[in-house]
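Asker: Give me a 3D structure for the following:
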Amino acid sequence: MNQETGRGWTSPYLRGFTSQRTVLMVDGIRLNNAFLREGPNQYWSLVDPFFFENTEVMMGPASILYGSDAVGGVVNAKSTSLTRGKKLSSWQYLGGKTLFQYSSAEDSYSEYLDSEFMFSNKLSLKIGLTKQNFGELVSGGGVHNENTNYDTYGGNLCGRYWFNNDESIYFGYDNYNINDLERTQKTIYYESWRGEGADGDDLARTYDFEHQLAFLRYEKENGSVFLTGLELGVYYRYLNEYYFRVRNDARFDKTDTAIDTFGLNLRMQIDSKFGLWTYGVTFLERLPAPGILVLMRMVR
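Answerer: From the prediction side, this is the model:
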């Protein structure tokens, strides 16, 4: 279930848990950190809905593999698998897609464009661009909701370089921005539902967000008896939140928060007579202090 507390503020619920008690991942890289506020929040909206075409959902506790905050479950947004090109060929263009979407209820326009290229059978690349403009929402009964308009835009790149059939390097970059996102239910512009009234009397509560993620991961399959599979990755994540609040007496507050996170992931698999063992280490460093998660699971 998704709960939307306001325009652009969407948070999924897994077994009754959300926010800090569920884990969001993009291509296997966790986006959660202690910066996320408790309760439904807007940070799950910083994933491009068009570039990531496959979503895996793990319901229920998964803390052994994904850390202590995976109480309700795990959501992993995955980009499309890249196509390997033909051997001894130069640059090849696989194709792409163009998407245009319009919604009359919110007067929104969404545009998305992507293309995929290959060089021989060694390198594959996919690039995507997204832009969305959301107008003011018109709800049931023709009620016009003021100050509910906002914009998003972003760009994505993912690629894979094959050493052979079993070894490759997977890399990517994601940039996504949300501008002029208003928390309308805390302002005087909130349209009440069945007369319950607004939660606040502020003149404005406006947010801007910028999210960047860059990663590089070595992957090996079909290894030896002692090491069936191996993944070793490094990533960098940047999150900026700009908040502007105008109170009803014209006083205003401004906050500009930037979070930089550096991470290392190591995951290994051993297929033994006792079952398939998956174990690994995740290292996360952000100011002011680093943290380490050691994860292990056995599947019979």
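
Asker: C-alpha only now, for contacts and for neighbours.
Answerer: OK.

Asker: and the nearest residue to residue 255 once chain neighbours are set aside, what pLDDT?
Answerer: Leaving aside its sequence neighbours, residue 255 sits nearest to residue 243 (CA to CA, 6 or more residues apart in numbering; 5.2 Å). pLDDT recorded at residue 243 is 88.

Asker: Specify the local secondary structure of residue 243.
Answerer: When classified by DSSP: H, G, I helix; E, B strand; the rest coil, residue 243 comes out as strand.

Asker: could you say what helices and strands the one helix or strand residue 281 maps to packs with?
Answerer: Residue 281 belongs to strand 275-286 when assigned by DSSP states H and E. For strand 275-286, the elements it packs on are strand 252-272, strand 289-299, judged by 3 or more CA pairs under 8 Å, 6 or more residues apart in numbering; DSSP states H and E.

Asker: List the pairing partners of that strand within its sheet, with orientation.
Answerer: Strands adjacent to strand 275-286 in the sheet, as given by DSSP bridges, are strand 252-272 (antiparallel), strand 289-299 (antiparallel).

Asker: what's the burial count for the residue lying closest to residue 182 once chain neighbours are set aside?
Answerer: Computed as CA to CA, 6+ apart, the closest residue to residue 182 that is not its neighbour in sequence is residue 206, at 4.5 Å. Summarising burial for residue 206: neighbours were counted as other CA atoms under 10 Å, giving 19.

Asker: Can you report phi and psi for residue 206?
Answerer: Dihedral pair for residue 206: phi -110, psi 140, per degrees, to the nearest 10.

Asker: Also residue 64?
Answerer: Note on residue 64: backbone dihedrals following degrees, to the nearest 10 are phi -60, psi -40.

Asker: any idea how far it lies from residue 277?
Answerer: Residue 64 is 12 Å from residue 277, where distance means CA to CA, to the nearest Å.

Asker: neighbour-wise, which of those two wins?
Answerer: Neighbour tally, residue 64 and residue 277, criterion other CA under 10 Å: the higher count belongs to residue 277, 17 against 14.

Asker: residues in contact with stretch 133-140?
Answerer: Applying CA atoms under 8 Å, 6 or more residues apart in numbering, the contact partners of stretch 133-140 are 105-110, 144-152.

Asker: Quick one: end-to-end distance for that stretch.
Answerer: OK, stretch 133-140 end separation, CA to CA: 21 Å.

Asker: List the buried residues for it?
Answerer: Residues of stretch 133-140 classed as buried by neighbour count (16 or more other CA atoms under 10 Å): 133-138.

Asker: Show me the two of the residues you listed that sit farthest apart.
Answerer: Farthest pair in the buried residues of stretch 133-140 (CA to CA) is 133 and 138. Separation: 15.0 Å.

Asker: Return the member of the strands paired with strand 275-286 having the minimum mean pLDDT.
Answerer: strand 289-299 (a mean of 44).

Asker: Contacts only, for the residue nearest to residue 173 when sequence neighbours are not counted.
Answerer: Take residue 173 and drop its neighbours on the chain: the residue closest to it by CA to CA, 6+ apart is residue 214, 4.4 Å away. Residue 214 sits next to 171-174, 235-237 when contact means CA under 8 Å, 6+ apart.
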